[in-house]
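Participant: Turn this into a model:
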Amino acid sequence: MKLESDLLRTFLTVAETGNFTRAADTAGRTQSAISVQMRKLEETIGDALFERGSRGVALTPKGRQLLSYARRVVSLLDETAAALSTPQLRGLVRIGIPEEYGHSVLPKLLGSFDLQHPDVEVTVRYGNSRANTAAMARGELDLAVVFEHAGNTHHEVLMSDPTVWATSSLHETHHRSPLPVAMYASESWFRSTALAGLEQGNVPYRIAYVSDNPTGLGAAVTSGLAIAPLSRSCIPEGCRELTVADGYPAIDQSNVVMVIGSRGHDRVVQGMADAIRGAFRLTAPH
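Facilitator: So this is what the prediction gives:
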């Protein structure tokens with residue numbers, strides 16, 4: 001089986017727009033050309049990739065399987081092209097990344113940037129949004145990725161990543177009463193908002209687990225010890241979001257934003273900002 005990169009790019013455009021017409025507009029091609037490409041890709045795969053409906057198309061199980069591979073292949077091709085064509089940068093850049101994205105975003109971000117710009121000295125502050133915002137204010141960081149309440153913002157929005165309740169798919173912990181809850185040890189708007197929602201819904205609960213970081217909360221959920229408030233993109237494997245259908249609306253509607261400091265016109269800082277955008281494009285749910 002030989003997969004052509006152009007077909008994979010078109011497949012991603014159709015998958016992300018959910019419509020052949022919109023995909024054609026995005027790609028600057030005719031709808032018939034898009035259809036021909038997708039038929040060719042389906043013939044190569046040997047299975048249907050899309051289910052057609054009155055409102056557009058949805059991915060089949062085989063299409064969903066291909067989606068993650070296609071993103072990785074296209075991302076690697078783009079990364080290679082950028083590494084070969086982008087002038088190498090030199091200097092220092094200091095960035096702050098939330099703990100939530102230490103596993104999903106940070107490796108992609110630093111790996112890609114180091115390949116393109118090995119002469120740049122990168123310093124990373126790995127911590128919560130409050131600490132990174134304070135560090136920005138003190139001039140200790142050049143760039144910071146932070147959570148911000150959805151709404152008007154003066155910063156660039158990288159993606160929407162609401163905080164939701166998560167439970168173990170295996171243990172279905174949310175059926176227990178009183179409800180065992182994992183929560184941050186420190187007092188914060190995050191903690192108070194999450195617990196206020198349970199209290200307003202008259203849900204009896206007990207704090208069964210406390211942690212200083214989201215990794216600890218994720219471990220509590222995975223083990224079935226408790227449910228916990230987590231960013232939607234950070235729900236561990238084997239766990240699921242508790243939705244309105246389960247009686248749990250989203251806790252908040254957070255945006256992930258990029259804050260750029262006074263060195264924003266520096267080419268090294270601009271190069272890192274581009275790398276951050278690329279890493280979050282791969283992370284954002286589609």
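
Participant: What ranges does the chain have for its helices?
Facilitator: For the chain, the helices defined by DSSP state H cover 5-17, 20-27, 31-45, 61-85, 106-116, 129-137, 189-200, 214-223, 267-283.

Participant: possible to save those helices as a markdown table with mean neighbour count?
Facilitator: Where C-beta positions appear, they are placed from N, C-alpha and C, glycine not excepted. Shown next, in a markdown table, are the helices of the chain (neighbours: other CB atoms under 10 Å):
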| stretch | mean neighbour count |
| --- | --- |
| helix 5-17 | 19 |
| helix 20-27 | 17 |
| helix 31-45 | 16 |
| helix 61-85 | 14 |
| helix 106-116 | 18 |
| helix 129-137 | 18 |
| helix 189-200 | 14 |
| helix 214-223 | 20 |
| helix 267-283 | 19 |
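
Participant: which one of the ones you listed lies closest to residue 145?
Facilitator: Closest of the helices of the chain to residue 145 is helix 267-283, at 6.5 Å (criterion: CB to CB).

Participant: Mind checking the helices of the chain for the one nearest to residue 151?
Facilitator: Among these, if distance is taken as CB to CB, the winner is helix 189-200, at 14.3 Å.

Participant: Now tabulate the helices of the chain in TSV and tack on distance to residue 161 and mean pLDDT.
Facilitator: Below are the helices of the chain laid out as TSV (distance: least, CB to CB, whole Å; pLDDT from 0 to 100):
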stretch	distance to residue 161	mean pLDDT
helix 5-17	17	91
helix 20-27	24	87
helix 31-45	30	93
helix 61-85	18	84
helix 106-116	15	83
helix 129-137	12	92
helix 189-200	13	84
helix 214-223	12	94
helix 267-283	9	87
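
Participant: Any idea which of these gets closest to residue 230?
Facilitator: Here helix 214-223 is closest among the helices of the chain (CB to CB), at 6.1 Å.

Participant: which helices and strands sit right next to the closest one?
Facilitator: strand 163-168, strand 179-184, strand 205-211, strand 228-231, strand 239-241 (3 or more CB pairs under 8 Å, 6 or more residues apart in numbering; DSSP states H and E).

Participant: mind putting the ones you listed in JSON lines, mean pLDDT included?
Facilitator: Shown next, in JSON lines, are the helices and strands packed on helix 214-223 (pLDDT from 0 to 100):
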{"stretch": "strand 163-168", "mean pLDDT": "95"}
{"stretch": "strand 179-184", "mean pLDDT": "95"}
{"stretch": "strand 205-211", "mean pLDDT": "95"}
{"stretch": "strand 228-231", "mean pLDDT": "93"}
{"stretch": "strand 239-241", "mean pLDDT": "95"}
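
Participant: which outside residues touch stretch 24-40?
Facilitator: 6-7, 9-11, 13-14, 17, 20-21, 23, 49-50 (CB atoms under 8 Å, 6 or more residues apart in numbering).

Participant: Compute the first-to-last residue distance for it.
Facilitator: One end of stretch 24-40 sits 16 Å from the other (CA to CA, to the nearest Å).

Participant: do stretch 238-252 as well
Facilitator: With CA to CA, one end of stretch 238-252 sits 23 Å from the other.
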